[in-house]
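1. Here is a sequence with its predicted model. Questions after.
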Amino acid sequence: IRLLWLYTIIMNGLFMIPVLVPYYEAQIGLTFQDFLIGEAFFALVVVLLEDPSGWLSDIWNRKRVLFLAMVFELAAVTALLLADSLLDAVIAQGLFGVSISLVSGTNMALLYDSLIVLNRTDDYTRLAGRQQGFGLYAVGAASLVGGGLYAFDPYAPLYLQMMTVFGGMICSAFMIEPPRSKRAAEKHPLADMLETMKYALHGHIEIGLIIVFSAMLFSSTKLIMWMQQPY
């Protein structure tokens with residue numbers, strides 16, 4: 001579990017995030033619109049591969065899937081280093097999307113199955129939240145470091161990210177794969193979503209408001225993040 005947390009920190013150590021737009025403009029010669037095209041392709045890849053990557057994680061070895069995610073991240077960073085056109089940048093973003101989709105769900109399934117072995121499934125929510133928190137802290141810290149490094153060398157954040165990727169590979173290689181635990185689906189996911197909506201909208205206004213507030217907060221922070229990038 002500690003290796004999984006360390007892997008999460010490394011995976012979220014995205015040193016290029018705060019300076020990606022300046023990098024696109026100064027090092028690749030692309031516009032902000034070009035950057036958004038790359039981001040759109042990244043999002044498309046993540047959406048399209050969300051289910052296939054989960055299927056791969058279920059039929060294959062999960063630690064190997066996490067290792068493969070690091071391989072794709074390394075390829076993405078390398079592609080970004082060598083990029084000199086919009087097509088190159090879009091390819092790099094697509095590779096990042098593959099990496100993210102491979103990790104999504106796999107890391108939480110690995111955590112849950114590990115807790116089953118330890119008879120600690122009641123701790124899943126707390127430990128999963130801690131794992132997500134580590135990822136957010138890593139993004140914040142990496143942004144500060146990456147922004148500082150970019151001022152000295154525009155390629156330095158990418159070089160540092162490449163080095164940390166190897167750390168993620170080592171973490172996944174030393175993880176112990178727990179036995180699989182499968183639970184039969186009780187109902188279709190859409191039916192579960194509908195039931196949750198009915199619960200939130202009928203007699204539980206505080207739950208409904210939390211859902212709406214969370215959606216607004218997430219959307220607004222994403223919008224602000226990209227709106228400030230050109231400046």
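-> On my side now, so go ahead.

2. so which strand or helix has the residue nearest the centre of the chain?
-> The geometric centre of the chain, computed from its C-alpha atoms, lies nearest to residue 100 (CA atoms, centre = their mean), at 4.6 Å. Secondary structure from DSSP states H and E places residue 100 in helix 86-103.

3. Pull out the buried residues from that helix.
-> 86, 88-103 (16 or more other CB atoms under 10 Å). All C-beta spots, glycine's among them, are computed from the backbone N, C-alpha and C.

4. contacts for it?
-> Residues outside helix 86-103 that contact it (CB atoms under 8 Å, 6 or more residues apart in numbering) are 11, 24, 28, 30, 34-35, 37-39, 41-46, 49-50, 52-53, 56-57, 65-66, 68-70, 72-73, 75-77, 79-80, 82-83.

5. Now do the SS call for the residue lying closest to residue 26 once chain neighbours are set aside.
-> Among residues not flanking residue 26 along the chain, residue 154 sits closest, at 6.4 Å (CB to CB, 6 or more residues apart in numbering). Assigned with DSSP: H, G, I helix; E, B strand; the rest coil, residue 154 falls in the coil class.

6. Over to residue 154: give its phi and psi.
-> phi -60, psi -20 (degrees, to the nearest 10).

7. lowest-pLDDT helix or strand in the protein?
-> Least confident helix or strand, the chain: helix 189-201 with a mean of 78, by mean pLDDT, DSSP states H and E.

8. what residues does it touch?
-> Residues from elsewhere that reach helix 189-201, judged by CB under 8 Å, 6+ apart: 207, 208, 211.

9. Got the phi and psi for the residue lying farthest from the centre of the chain?
-> Computed with CA atoms, centre = their mean, the maximum C-alpha offset from the centroid of the chain is found at residue 203, amounting to 35.1 Å. Its backbone dihedrals place residue 203 at phi 80, psi 0, with angles given as degrees, to the nearest 10.

10. What separation do you get for it and residue 6?
-> In this structure, residue 203 and residue 6 are 43 Å apart, going by CB to CB, to the nearest Å.
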